[in-house]
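A.B. asks: Could you work out the structure for the sequence below:
(chains A and B, ligands or ions: 1)
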Amino acid sequence: MTLHFKKETFRDDYTFSNSPEAIRRFPFPFEKDEYMYSVNIEQHMPGPQKSAFEFPIDIDEHYVAEMEDRAKVLAQDPGRCQSLPHMITAEWDLLELLMESMSKHYPEHFQLTRDGDDWRWVNKPLGVDQRFVFGDVSTLPYPPMEYITRQCQGDFALLDQRLDNLWMDAGVITAQADWSLDFDIGMNFMEWHAPVPLAKDMGIFERALKFLMNLQQGRPVRRLNWTMTINPRLDTSPENYDKWGVERTTVTPENVGNKVHLRVELQAMWRLPRSNAIVFSIRAYMIKMEELVTVPKWGRRFHRVLRDVKPELAEYKGLTRYRQMTVDWLSKHDDGAPTSPGFAPD
Amino acid sequence: MITTSTFDSRPAYGGLSLDERAKSHLVVAEGDGASAVLDAFEDAPPSLARTTLLYAGPDGMAVRLAILGAAEFRRTSGRLDLMNRLDEVFATSKMGARLYVAGTESFIGEVIAKAATYGVVPQSVIAEQRGSLARRVQCVHCKHVDEEVTATPYACGGCGQSLFVRDHFSRRHAAFQGVRVDAEVPGEIPAAEELVQ
Ligand code: HEM
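C.D. replies: Residues are numbered from 1 along each chain as shown, chains lettered A, B, ... in the order given. Below you'll find the predicted structure:
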């Protein structure tokens, strides 16, 4: 599949938008007209052609622009990429997983040639042709995790498994929904989830952790999570919240359709072969309200979900200031007709 | 032993109690932490013969600790001095020493963070909170760490912004997280409230 990569920005003039094809393949996360936390984990199986689930690692029209944005974030704040020393084997595992997947599914754009430990990686969209020795850090311009994630869409965390828990001991996090890798690194599954409301009392994290501890190699899983963002900004980090927070107050009834975005995270988890670590990928998709309502079912359904979402969730996700205005705007796109079950457009 | 209440990132410090199996004991205390040390070690002369005790705090308490009978007792002039002394002790200490800390949460956090840089596993430290409820807070924006924060919001000692103290705790930084309170509406700063728990 040959992709056409858009030239666009996720900051300043915010020129990001979705093509009609990108709208159609948007991973809309609501299968019903209401939303509450659940242990929504499923096998990461290949999905329908052209969908965001077709391949394990999804590359789309925003690839090149997202990689440019990541480079900017890392230049300003190197702490967005951190790895504790014992994670180096997991870093190589991650590099292998991503190079194998990208080259297998997008051969026009990425090629990997392996001759024992002598590897050659070609990334045409970013103009990279790199020979290196697998396992030898000195043969790459960056450590392996940073090297490959500067060339792969999505944030990544590497979890070490020990003492009956998962520990976030490495990651590249430049497009996060308001949490800090620098603060969370070294925490375990329960600790880093501590700020999430309600879910803990529902036993969600206990069950999810138990499930992940038994994750098998070759059987990745996935889940969807969502939040909302004002303007198509990828870097909604707490580090920079003192700069972007003010944008939440810029929403007016006139600009809702253009400014307010639904932001969906496709989160996939793999067990890694050499390190026994787990990769947690967080692939973010954004869609502005105007684009969302071009799919009538999504407009109706998101109106109902957002209207009825629990106040604790709205507060945690930071929606409070513009929620009502967005619900009012969406209500004009909800004729009250029933919606069909499932995520897909009608 | 420090445990984390199952769903909270904030550690609950269980209280000082002697680890009989330890080859030696390294005890550090500040201020009211002295009383926790007295409670735990007063009746343990054999263990005291293998104990190094560092303290920063008022005269009265220092005298009581001095006559406790630790193999080595050192009173320092304040927290900074104590931390420097701790560096020296860690640089020369042997395997099998158990670390005990007593004092404010902020003090415990700072000691555990320092110990971690010498390879001491945070969960292995025995700690007891005594004294004020002040917190150690890291500014998520400029990464400056303020000690002894007693109210939220407070002004960051690094970037000067007004920070809300979140109930989220990192063992690695041994600190809570501070986030700008008026990021969305600059200048809209709520009245400060004392941190009471
Ligand atoms: C092992 C990989 C995982 C990592 C690294 C991870 C990481 C995170 C982080 C950093 C947050 C933000 C917390 C904050 O506010 O500071 C979060 C939120 C959350 N996580 Fe996870 N998580 C993982 C797996 C899971 C799984 C398997 C579930 C399954 C139910 C889950 C459920 C949630 C929920 C419900 C939230 C709140 C999200 C929201 O309302 O926007 N997480 N996660």
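A.B. asks: How about stretch A:2-12, which residues are buried there?
C.D. replies: A:5-6, A:8-11 (16 or more other C-beta atoms under 10 Å in any protein chain shown). Placement of C-beta: from N, CA and C, glycine included.
A.B. asks: In chain B, spot the strand with the most residues.
C.D. replies: Looking across chain B with DSSP state E, the single longest strand is strand B:162-170.
A.B. asks: buried ones in it?
C.D. replies: Buried, per 16+ other C-beta under 10 Å, within strand B:162-170: B:162-166, B:168-170.
A.B. asks: And the residue nearest the centre of chain A?
C.D. replies: A:R283 (2.2 Å; C-alpha atoms, centre = their mean).
A.B. asks: Strands along the stretch 201-346 of chain A, start to end?
C.D. replies: All strands of the stretch 201-346 of chain A, identified by DSSP state E, counting those that start in this stretch, fall at A:221-230, A:260-271, A:278-288.
A.B. asks: the strands in chain B, which residues?
C.D. replies: B:2-4, B:11-13, B:24-30, B:51-56, B:72-75, B:97-103, B:126-129, B:135-139, B:145-149, B:151-152, B:154-155, B:162-170, B:175-180, B:193-194.
A.B. asks: what's the angle from the third one to strand B:97-103?
C.D. replies: Which is strand B:24-30. If you take axes from the mean of the first three to the mean of the last three C-alpha atoms, to 10 degrees, strand B:24-30 sits at 20 degrees to strand B:97-103.
A.B. asks: Need the contact partners of strand B:24-30.
C.D. replies: B:18-19, B:36-37, B:41, B:47, B:50-57, B:65, B:70, B:79, B:82, B:86, B:89, B:93-94, B:96-104, B:107, B:111, B:131 (C-beta atoms under 8 Å, 6 or more residues apart in numbering or on different chains).
A.B. asks: Quickly list the domain ranges of chain B.
C.D. replies: If you go by automatic domain parsing, the domain ranges for chain B are B:24-129, B:135-194.
A.B. asks: gap between the two ends of the longest one?
C.D. replies: For domain B:24-129, the first-to-last residue distance is 22 Å (C-alpha to C-alpha, to the nearest Å).
A.B. asks: avg pLDDT for that domain?
C.D. replies: Domain B:24-129 comes out with an average pLDDT of 92.
A.B. asks: which residue is nearest the middle of chain B?
C.D. replies: Most central in chain B (C-alpha atoms, centre = their mean) works out to B:I108, at 1.1 Å.
A.B. asks: shouldn't that one be in contact with B:Q129?
C.D. replies: Yes. At 6.4 Å, B:I108 counts as touching B:Q129 under the criterion of C-beta atoms under 8 Å.
A.B. asks: Show me whatever sits in contact with both of those two.
C.D. replies: B:13, B:102.
A.B. asks: For chain A, what lies in contact range of the ligand?
C.D. replies: Neighbours of the ligand within chain A, by C-beta under 6 Å from any ligand atom: A:37, A:39, A:41, A:157, A:159, A:166, A:168, A:179, A:184, A:192-193, A:195-196, A:199, A:204, A:208, A:212, A:223, A:225, A:227, A:280, A:313, A:316-317.
A.B. asks: In helices, which of these fall?
C.D. replies: Using DSSP state H, the subset of these located in helices is A:184, A:192, A:204, A:208, A:212, A:313, A:316-317.
A.B. asks: What residues does chain B have near the ligand?
C.D. replies: So chain B never meets the ligand (C-beta under 6 Å from any ligand atom).
A.B. asks: Which single residue of chain B ends up nearest the ligand?
C.D. replies: Closest to the ligand within chain B is B:H168: 6.6 Å, counting by C-beta to the nearest ligand atom.
A.B. asks: what does the model give that residue for pLDDT?
C.D. replies: pLDDT, B:H168: 93.
A.B. asks: For it, give me its contacts.
C.D. replies: A:183, A:194-195, B:9-10, B:176-177.
A.B. asks: These: which two are farthest apart?
C.D. replies: For the contacts of B:H168, the maximum inter-member distance is 13.3 Å, found between A:F183 and B:R10 (C-beta to C-beta).
A.B. asks: ok, how many other residues are close to the closest residue to A:I23 other than its chain neighbours?
C.D. replies: With sequence-adjacent residues excluded and distances taken as C-beta to C-beta, 6 or more residues apart in numbering or on different chains, A:I23 is closest to A:E291, at 5.2 Å. Other residues near A:E291 come to 21 when the count uses other C-beta atoms under 10 Å in any protein chain shown.
A.B. asks: Can you classify A:E31 as helix, strand or coil?
C.D. replies: Using DSSP: H, G, I helix; E, B strand; the rest coil, the three-state assignment for A:E31 comes out as coil.
A.B. asks: Show me which residues of the stretch 51-200 of chain A sit near chain B.
C.D. replies: A:79, A:180, A:182-187, A:190-195, A:200 (C-beta under 8 Å from any C-beta of the partner chain).
A.B. asks: Filter those down to just the buried residues.
C.D. replies: Here, 16+ other C-beta under 10 Å leaves A:180, A:182-187, A:190-194, A:200 buried among those.
A.B. asks: Adding pLDDT and distance to A:S101, write those out as CSV.
C.D. replies: Shown next, in CSV, are these (pLDDT from 0 to 100; distance: C-beta to C-beta, whole Å):
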residue, pLDDT, distance to A:S101
A:S180, 98, 28
A:D182, 98, 28
A:F183, 97, 30
A:D184, 97, 26
A:I185, 96, 25
A:G186, 93, 28
A:M187, 94, 28
A:M190, 94, 30
A:E191, 94, 30
A:W192, 97, 26
A:H193, 96, 27
A:A194, 94, 32
A:K200, 86, 33
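A.B. asks: In contact with the closest residue to chain B within the stretch 201-346 of chain A, which residues?
C.D. replies: Closest to chain B within the stretch 201-346 of chain A is A:G245: 3.0 Å, counting by C-beta to the nearest C-beta. By C-beta under 8 Å, 6+ apart, the contact list for A:G245 reads B:180, B:183-184.
A.B. asks: From B:R171, how far off is B:Q123?
C.D. replies: Between B:Q123 and B:R171 the computed distance is 8 Å (C-beta to C-beta, to the nearest Å).
A.B. asks: again with A:D118
C.D. replies: Using C-beta to C-beta, A:D118 is found at 41 Å from B:R171.
A.B. asks: do A:L126 as well
C.D. replies: Relative to B:R171, A:L126 is positioned 38 Å away (C-beta to C-beta).
A.B. asks: Compare those two (neighbour count), which wins?
C.D. replies: B:R171 (23 against 16).
A.B. asks: pretty sure that one contacts A:N188?
C.D. replies: No. Look at B:R171 against A:N188 with C-beta under 8 Å: they stay out of range, at 9.4 Å.
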